[in-house]
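Chemist: Have a look at this prediction, sequence included:
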Amino acid sequence: MIRRLFVALMLAGAAPVSAQTFAIVGGTVALGDGSQPIPNGMVVVRDGRIVAAGDIRMKLPPGTQVIDATGKWVTPGIVAGFSRLGLSEVDLSAEGSDDTTTNGPFSAALDVTTSINPLNTPIAVNRADGITRALVAPNAGKSIFAGQGAVIDTGADMDPITAPRKFQFVELGETGKDKAGGSRSSAYVLFHNALREAAELGRYAGPIQSRRRLEAEERPVVRNPNESREYGLEARRSEDVLLTRFDAAALVPVLRGQQCLFVHVEKARDILNVLDLKREFPALKIVLVGATEGWTVADRIARAGVPVIASAVNDLPASFEQIAATQSNVGRMKAAGVHVAIGTIDDTDTRNIFWERQYAGNLVALQRVPGATGVSWGEALAMITSRPAQAIGMGGEIGSLAAGRRADVVIWSGDPLEGSSAAEAVFIDGVRQPLETHQTRLLQRYRYLPRRDLPEAYRH
Amino acid sequence: MGLSKAAAALALAAAGGLLSGCAELGGKPKSAPAIRINEDPYPSTYVRYPGVPTVIRHATVFDGDGRRYDDGTVVFADGAIQAVGGPGLPAPARAVEIDGTGKWVTPGIIDVHSHLGDYPSPSVESLSDGNEATSPVRPEVWAEHSVWPQDPGFSRALVNGGVTTLQILPGSANLFGGRSVVLKNVPARTVQGMKFPGAPYGLKMACGENPKRVYGSKDNMPQTRMGNIALTRQTWIKAQAYKRKWDKYYANGGDMPERDLAMDTLKGVLEGKILIHNHCYRADEMANMIDMSKEFGYHIAAFHHAVEAYKIADLLRENDICAAMWADWYGFKMESYDAVKENIPLVHNSGACAMVHSDDPNGIQRLNQEVAKALADGRRAGINITDEIAWEWLSRNPAKALGILDKTGTLTPGKMADVVLWNGNPYSDYTRPERVWIDGAEMYDANDPKRRPVSDFELGQPGEGDVK
């Protein structure tokens, strides 16, 4: 057992009670780092960050808000490992409600942040079920490159973006094959060519400081490393280019390892092709997305040090790139030493992110199925909290209850990996969130059906 | 039984031909006696596999009829449930005794809405056989003629889901999608080898978005919801006329009317022999379909995907219509926008027949967990339903909607021994089936790799159907 830590919480000018300081006590605390849950643990939050959490006793300044979580479970908020959350209100035949189609002239340059609507109903529904952050990827349009994904929070406010342009998303499996014209060979030539064009653009671009002084109106408003204006005036290009300047420019940070490259592949052969790319371009920060057949080449993925974001219980040979599908895929990859996170790949990625904790529970169940490989409870929780955060280099920021992390905390009615448990309190950056949704309002309206003095429409 | 019926029909047909020939020769017109059409031309060839007399003791038992036995005993032999009760139940001679301590026993799960076999894995064009989307009115097609018995999904539904019976439906592109088929989840070379003996046929109907989208986009009727209703009513009017023609023929004999496969199915509905399974999401549309059923004199067995059932649960109760629902699917289309997570318990609480369904080859592996979610959501809303009552949503009520409640769906002595032994509480995500029996034959044992099916398709593939 871990020895209890006794820490005094020092507040600068501690006299007035800071409304932003609170402690959650008495609950079963799971840190999200792979460790097992801690009975009667404590979580202390100040100014939107975790001060300390776990098997601790902390002397709190007088007047600190204390939330009693006796009989409850406390965990970091769930992090959607791969999703389209915030992009679609209604998926089918409801024009104007979704923002998922990207068939315009650009590909890699697309930035998903402008498409995310924080007032989207699925964001509220998932927030109410304890999802606090999500990795959001654009859909691939005409190109194998879908564009740049973001990390968002699900908070009830108009500022959903935690980290924009966190990764580039590319399709190199069956979908990539189709986008490239029908063969993997074609997809790989397109991919190599894109990196070549990016390299060329990057090579000729001078560092920002060496450029002539820009006039005020010329100055870029948005200063981000892949903003194509940085490769503007003096960046020369070959004549045989396929990508627009914007798309090529967007791939420069990928090539330099400043931005993750999410590669969607399922088939074992495709996974190995991607690992070859990693050898060819060592700077690439590749993350495998999907990897249904990953277990068959798990040792090689582990050796390459490439993280995987997988579907949890994909056990059907749903396509010819998933013939070796097994519900033990995640467990076996983990056992081989692969860094595995859970995402909703080819699942209901715009809305049912809350299934991830049920999926994680099913991975735990596999520990008791002879011949199958599951994961421990602590690891299963980590796969839907800290593991996706670590896969994109944000493990120090979100996904676990450790000192300094953003205070995304959920108090559950019970074990969060049981579908029967519910989120009772959700904090994002230390701010308590409303849990009301379109659905909870409908329940109130129709909980009792007998006719009253006025129609149902007056119940609100 | 089925075979001899078919033979009799053939004999009659031959005799009928001779008689009418004689009548012509005789000169004096006399009505030939009517010939009955064989209504079961693709009969079940399913025969239960051998089992041994079995006793499971010290388990928590949900009998599916709302009863719970702690330290319960379940006895089955000769393919049928013999007894269910407390620890004192005697065992038949030479029965295998299974210690169910810490485990649960339930009736096998029945999925009232599946497309396994007609939309199988792998999901490729060559195997996509669920929607005959060439006309909105296709009651002539039968789902069983699309079912690929080698769909790997059947095995997953068995070993992960504890599903022992399932209804395979045509898709919902059409107002009349065709006949459904009820299957035992027992692998076979032919679909006939899976067909649930004695289960009535169902007819898939659909209202709402799908038919109007599929045909409206081709500038065909229906393009609107009013078009949906009009075309469906028009078709029932034809079916009534068709039935009158055949009723007259069966009463008086004479020239046999021309057969129409589509109308045969609708006639079967009007005669109460074929059950209506109506895809319908919205409350207002379900109300329209209920009125339609009264207009033409048939009964709706179940609404499927009844996302708004909670808004009209009283109507469902009054009309004795079951509702097949998901626990928490929502918003994937407009007609699912008003989903609430308490839908199933709300419908149950109103006294109507509530069921969970999958419509999905993944979801069918976790229907027990779907009920766990819905049950807990209901309790949080103040609807207190016990665990054992909630099991009705998984087996009893689906059996009722399929017209097979006299044969399966509860652990009632005399019924088929369709039984699941769970390695824990089936309302937990940490629980899986440990052993599954269908008609008393053990079709899955988690501890015996030979006691689980591998489809032809997966044989020799890496992983071999998630067995290796």
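Modeler: Nice, thanks for sending it over. Residues are numbered from 1 along each chain as shown, chains lettered A, B, ... in the order given.

Chemist: Residue 179: neighbour count?
Modeler: Since you didn't name a chain, this refers to chain A. 22 (other Cβ atoms under 10 Å in any protein chain shown). (Glycine included, C-beta is placed from N, CA and C.)

Chemist: wait, I meant chain B there
Modeler: Neighbour count for residue B:179, taken as other Cβ under 10 Å: 25.

Chemist: thinking it is in contact with residue B:202, fair?
Modeler: Yes. Counting by Cβ atoms under 8 Å, residue B:179 touches residue B:202, with 6.7 Å between them.

Chemist: what residues does the stretch 51-200 of chain A put near chain B?
Modeler: Neighbours of chain B within the stretch 51-200 of chain A, by Cβ under 8 Å from any Cβ of the partner chain: A:89-94, A:121-122, A:125.

Chemist: Can you tell me which of these has the most neighbours?
Modeler: Among those, residue A:122 has more neighbours than the rest - 28 neighbours, counting by other Cβ under 10 Å.

Chemist: Go ahead and measure how far the host helix or strand of it is from the middle of the chain.
Modeler: Assigned by DSSP states H and E, residue A:122 falls within helix A:121-127. Here helix A:121-127 shows a centroid-to-chain-centroid distance of 15 Å under the convention Cα atoms, centre = their mean, to the nearest Å.

Chemist: what's the following helix or strand after it?
Modeler: Assigned by DSSP H and E, the successor of helix A:121-127 is strand A:131-136.

Chemist: What is that next one packed up against?
Modeler: strand A:78-83, strand A:145-153, strand A:161-171, strand A:423-428 (3 or more Cβ pairs under 8 Å, 6 or more residues apart in numbering or on different chains; DSSP states H and E).

Chemist: quick check: angle from it to strand A:145-153?
Modeler: Per axes from the mean of the first three to the mean of the last three Cα atoms, to 10 degrees, the angle that strand A:131-136 makes with strand A:145-153 is 170 degrees.

Chemist: looking at it, residue A:267 is touching residue A:321, isn't it?
Modeler: Yes. Taking Cβ under 8 Å as the definition, residue A:267 is a contact partner of residue A:321 at 3.9 Å.

Chemist: okay, and the common contacts of these two?
Modeler: Taking Cβ atoms under 8 Å, 6 or more residues apart in numbering or on different chains as the contact rule, residue A:267 and residue A:321 both touch A:173-174, A:292-293.

Chemist: Now render these as CSV, adding pLDDT, neighbour count and secondary structure.
Modeler: Converted to CSV, those look like this (pLDDT from 0 to 100; neighbours: other Cβ atoms under 10 Å in any protein chain shown; DSSP: H, G, I helix; E, B strand; the rest coil):
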residue, pLDDT, neighbour count, secondary structure
A:173, 97, 27, coil
A:174, 96, 20, helix
A:292, 98, 29, coil
A:293, 98, 25, coil
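
Chemist: tell me the domain ranges of chain A?
Modeler: Using automatic domain parsing, the domains assigned to chain A come out as A:1-77+A:399-460, A:78-187+A:244-396.

Chemist: looking at the ones you listed, which is buried most?
Modeler: domain A:78-187+A:244-396 (a mean of 22; mean count of other Cβ atoms under 10 Å in any protein chain shown).

Chemist: What distance separates the opening and closing residues of it?
Modeler: The first and final residues of domain A:78-187+A:244-396 sit 15 Å from each other (Cα to Cα, to the nearest Å).

Chemist: what does stretch B:200-220 give?
Modeler: 33 Å.

Chemist: Flag every buried residue along that stretch.
Modeler: B:200-216 (16 or more other Cβ atoms under 10 Å in any protein chain shown).

Chemist: and the residues you listed, which of them are in strands?
Modeler: B:202-206 (DSSP state E).

Chemist: Could you dump those residues into CSV with pLDDT and distance to chain A added?
Modeler: As requested, these are exported to CSV (pLDDT from 0 to 100; distance: Cβ to the nearest Cβ, whole Å):
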residue, pLDDT, distance to chain A
B:202, 98, 25
B:203, 98, 25
B:204, 98, 20
B:205, 98, 20
B:206, 98, 15
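
Chemist: so what's residue 166 up against?
Modeler: Unless you meant another one, I'm taking chain A. By Cβ under 8 Å, 6+ apart, the neighbours of residue A:166 are A:135, A:148-151, A:259-260, A:392, A:394.

Chemist: could you do chain B instead?
Modeler: Counted by Cβ under 8 Å, 6+ apart, residue B:166 has contacts B:110-112, B:114, B:116, B:157, B:182-183, B:185, B:364.

Chemist: ok, back up a step: closest one of the shared contacts of residue A:267 and residue A:321 to residue B:441?
Modeler: Nearest to residue B:441 among these, counting by Cβ to Cβ, is residue A:292 at 32.5 Å.

Chemist: Run a quick check on the closest one versus residue A:266, I expect a contact.
Modeler: Yes. Using Cβ under 8 Å, residue A:292 is in contact with residue A:266, at 4.3 Å.

Chemist: still on that earlier bit, now the residues of the stretch 51-200 of chain A next to chain B as CSV including pLDDT?
Modeler: Converted to CSV, these look like this (pLDDT from 0 to 100):
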residue, pLDDT
A:89, 95
A:90, 95
A:91, 93
A:92, 92
A:93, 89
A:94, 90
A:121, 97
A:122, 98
A:125, 98
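
Chemist: Those: which two are farthest apart?
Modeler: The widest separation within these (Cβ to Cβ) is 20.1 Å, between A:93 and A:125.

Chemist: what residue lies at the spatial centre of chain A?
Modeler: residue A:135 (2.6 Å; Cα atoms, centre = their mean).

Chemist: hang on, isn't it packed against residue A:342?
Modeler: No. Taking Cβ under 8 Å as the definition, residue A:135 is not a contact partner of residue A:342, at 11.1 Å.

Chemist: okay, and the common contacts of these two?
Modeler: By Cβ under 8 Å, 6+ apart, the residues touching both residue A:135 and residue A:342 are A:81, A:309, A:388.
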